[in-house]
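Undergrad: Fold the stuff below for me.
(one chain, ligands or ions: 2)
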Amino acid sequence: MSAPLLEARQLSVEIGGKTVVDRMNLSLQPGERLAILGRNGAGKSTLLSTLAGLRPPQAGAVLLDGEDCALLAPRQAALRRAWLGQFQNDPFGSTVLETALTGRHPHLGRWDWESKHDAELARKALQAVGLDGMETRQVHTLSGGERQRLSIATLLTQAAMLYLLDEPLSHLDLNHQMAVLELFAGAARDCGAAVVMVLHDPALAHRFCDRALLVYGDGRCAQGTVDDILTAETLSELYGYGLRQIEDRGHRCFIPE
Ligand code: ADP
Ligand code: MG
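TA: Residues are numbered from 1 along each chain as shown. Ligands and ions are numbered 1, 2, ... in the order given. This is a model prediction of the structure:
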């Protein structure tokens, strides 16, 4: 069997003197989707950026496609995983198309310009998130939801096999939330991509992921299949708020008490 697209071995992550996870093991095969859930400040973003290789762990290792990411150059890491951060900043003026094209940079040689093929990939990605026709717009003129969809298009142009998505649904209306989740479901199903996403809606996590990782914020974490772990009991403890569970046509909903 080939190496998992993502593996964490005995991973310990800390931030500001607080333990996020302690000797955690995690493995993600092609086609698998994992949701990360936890309260605000539990350390989900810190964990995700550690899994992306953007932050060194306190102990243990993260492997991307079998390679220790501590040993990978940034460009090599960017060919293996695409990371969507929670916050975007646009210090330089650029258009929607130019921004989407930055996803191609890991694929280019040092002195290469983007080719026609790169531009086609970027246009296709913009179309996939419903931003076609906006290619020449300046990024700073976009709404929050449009900017979020542009970040997702940029990730798609990167064409990595592992997506690490920090709150990919933020700023999106219901229609676009479903479209984005379907998009990554398609990437997993049709292309064998693996997807890790920080989500705040356990019902969507249950519907669109195979497994979930709960991060409690005190160093404890728990993993399992969504059916096993996304229950009223575990989620009530995770969020510190009582929830009731309802099943409807195979989908699971959670209602605050
Ligand atoms: P989450 O994504 O789960 O909301 P984060 O990973 O962003 O949480 O942050 C985890 C905790 O670490 C929070 O309490 C946050 O305030 C704190 N934190 C984030 N960055 C730093 C930092 N650079 N120094 C100290 N504490 C930080
Ligand atoms: Mg966060």
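
Undergrad: Model confidence for the one residue in the stretch 51-200 of the chain that gets nearest to ligand 2, exactly?
TA: At 4.9 Å from ligand 2, Gln86 is the closest residue in the stretch 51-200 of the chain, using Cβ to the ion. All C-beta spots, glycine's among them, are computed from the backbone N, C-alpha and C. Looking at Gln86, its pLDDT reads 91.

Undergrad: how close does Leu238 get to Arg244?
TA: Distance, Leu238 to Arg244, by Cβ to Cβ, to the nearest Å: 15 Å.

Undergrad: of these two, who's got more company?
TA: Neighbours were counted for Leu238 and for Arg244 using other Cβ atoms under 10 Å; Leu238 has more, 21 against 11.

Undergrad: need the next SSE after the host helix or strand of the more buried one, C-terminal direction.
TA: Leu238 belongs to helix 232-239 when assigned by DSSP states H and E. Counting by DSSP H and E, the element after helix 232-239 in chain order, helix or strand, is strand 243-248.

Undergrad: tell me the angle of that next one relative to helix 232-239?
TA: 140 degrees (axes from the mean of the first three to the mean of the last three Cα atoms, to 10 degrees).

Undergrad: quick one: strands adjacent to strand 243-248?
TA: Strand 243-248 has the following strand partners under DSSP bridges: strand 251-256 (antiparallel).

Undergrad: can you give me the offset of stretch 122-135 from its chain's centre?
TA: Stretch 122-135 sits 20 Å away from the centroid of its parent chain (Cα atoms, centre = their mean, to the nearest Å).

Undergrad: Can you point out the buried residues in it?
TA: 122-123, 125-126, 128-129, 131, 134-135 (16 or more other Cβ atoms under 10 Å).

Undergrad: taking the residues you listed one by one, which sit in helices?
TA: Secondary structure of the buried residues of stretch 122-135 is defined by DSSP state H; positions in helices are 122-123, 125-126, 128.

Undergrad: what would those look like in TSV with pLDDT?
TA: As requested, these are arranged in TSV below (pLDDT from 0 to 100):
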residue	pLDDT
Ala122	96
Arg123	97
Ala125	97
Leu126	98
Ala128	97
